[in-house]
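Enquirer: below are the sequence and a predicted model; questions follow.
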Amino acid sequence: MDIATLIGLVLGLGAIMTGILVGRGNPLSFWDAPAFFIVIGGGLMAAFVAFPIERIGRLVSVMFHTLRGPRAKPEQLIPVLVGLARRARREGLLALEAEMPGIDNEFLRRGLQLVIDGADPESLRDILSTDIALMRERHASSRSMLEFMARVCPAFGLVGTLIGLVLMLRNLRNEPNKIGENMAVALVATFYGVVAANLVFVPMANKLSLRSEEELVAYRLTLEGIMSIQSGENPGMVAEKLRTYLPPGRRDLVSVDMPTTEG
């Protein structure tokens, strides 16, 4: 779980509620079911118009992925790859097959299987590089959906406000003493649209972009590690090569136990 995202959402809503309470308002007065359905429902229906249905189904999973955090951090991958390089150097590439059941990283499993199957280095790099490119495209597609929702939610908030104003003006003659109350209800839709865009969809799109860059580093590091394993490089050299993918301040945090002699 990405604590920063969860904290931001909870404290953001808390700050809004605190502002309402400090202003001696009642938070319940900001709840309006029709306005909520116009903004959220309208935004989702606009997404159905804008994107293929199979991509819409991924919207919720994308948001959960953003909350979940990165699947594998580079500093966690380096010891794994160095351990695999050590075993391959000692026992041969076919010995890596015994390691496969304990590896849950799909990209690493795919690369190791190609190595075990005897793929040549050029084909191995081409296949895994294609996987990386497709990963970037999937993330860009998911980010575009979040950015789209960030654009349309305020627009549907305005639609809700206009609907509320029309209904208020139609009843102006019959209920002139409720102008202020009806106006407040009409503005709630704009409130929902702005909050949804600027507290949920825009920040999540930005976080997904950062997450994509983190995963890209992890993928590239894994690719380089697999290529080094296939070529039979010294595990110590593999460790030093993979550390270069980390920022200087984080390189010393990666501990790789190396034997004093190579078998």
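Expert: Yep, it's here.
Enquirer: so what secondary structure elements neighbour the worst-scoring helix or strand of the chain on mean pLDDT?
Expert: Least confident element among the helices and strands of the chain, by mean pLDDT, DSSP states H and E: helix 58-68 (a mean of 74). Packing partners of helix 58-68 (3 or more CB pairs under 8 Å, 6 or more residues apart in numbering; DSSP states H and E): helix 3-22, helix 121-170, helix 202-231. C-beta coordinates here come from the backbone N, C-alpha and C atoms, glycine included.
Enquirer: quick one: the shortest one to helix 202-231, angle?
Expert: It stands for helix 3-22. 170 degrees (axes from the mean of the first three to the mean of the last three CA atoms, to 10 degrees).
Enquirer: now whichever helix or strand comes after helix 3-22: buried residues?
Expert: Remark: after helix 3-22, the chain's next helix or strand is helix 33-36, criterion DSSP states H and E. Neighbour-count burial for helix 33-36 flags residue 35 (criterion: 16 or more other CB atoms under 10 Å).
Enquirer: so where is the chain shaky, pLDDT-wise?
Expert: Applying pLDDT under 70 to the chain flags the ranges 1, 69-72, 181, 253, 255-263.
Enquirer: hmm, 50 instead?
Expert: Residues of the chain that meet the criterion pLDDT under 50 lie in 260-263.
Enquirer: in contact with residue 78, which residues?
Expert: 221, 225, 239, 242, 243, 246, 254, 256 (CB atoms under 8 Å, 6 or more residues apart in numbering).
Enquirer: the same query, at a cut-off of 6 Å, please.
Expert: Counting by CB atoms under 6 Å, 6 or more residues apart in numbering, residue 78 makes contact with 242, 254.
Enquirer: element containing it?
Expert: Counting by DSSP H and E, the element that carries residue 78 is helix 74-91.
Enquirer: just the CA trace of that helix, in PDB.
Expert: Below are the C-alpha coordinates for helix 74-91, written out as PDB (Å, rounded to 0.1, in the frame of the first residue of the first chain):
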ATOM      1  CA  PRO A  74      15.100  -2.000  -7.900                       C
ATOM      2  CA  GLU A  75      17.000  -2.400  -4.700                       C
ATOM      3  CA  GLN A  76      15.000  -5.600  -4.000                       C
ATOM      4  CA  LEU A  77      15.700  -7.000  -7.400                       C
ATOM      5  CA  ILE A  78      19.400  -6.600  -7.300                       C
ATOM      6  CA  PRO A  79      20.100  -9.300  -4.700                       C
ATOM      7  CA  VAL A  80      17.800 -11.700  -6.500                       C
ATOM      8  CA  LEU A  81      19.500 -11.200  -9.900                       C
ATOM      9  CA  VAL A  82      23.000 -11.400  -8.300                       C
ATOM     10  CA  GLY A  83      22.000 -14.700  -6.600                       C
ATOM     11  CA  LEU A  84      20.700 -16.000 -10.000                       C
ATOM     12  CA  ALA A  85      24.000 -14.900 -11.600                       C
ATOM     13  CA  ARG A  86      26.000 -16.800  -9.000                       C
ATOM     14  CA  ARG A  87      24.100 -20.000  -9.400                       C
ATOM     15  CA  ALA A  88      24.200 -19.800 -13.200                       C
ATOM     16  CA  ARG A  89      28.000 -19.300 -13.100                       C
ATOM     17  CA  ARG A  90      28.500 -22.200 -10.800                       C
ATOM     18  CA  GLU A  91      26.000 -24.800 -12.100                       C
END
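Enquirer: please report how far residue 55 lies from residue 153.
Expert: 18 Å (CB to CB, to the nearest Å).
Enquirer: quick one, which of these two is more surrounded?
Expert: Between residue 55 and residue 153, counting by other CB atoms under 10 Å, residue 153 is the more crowded of the two (25 against 17).
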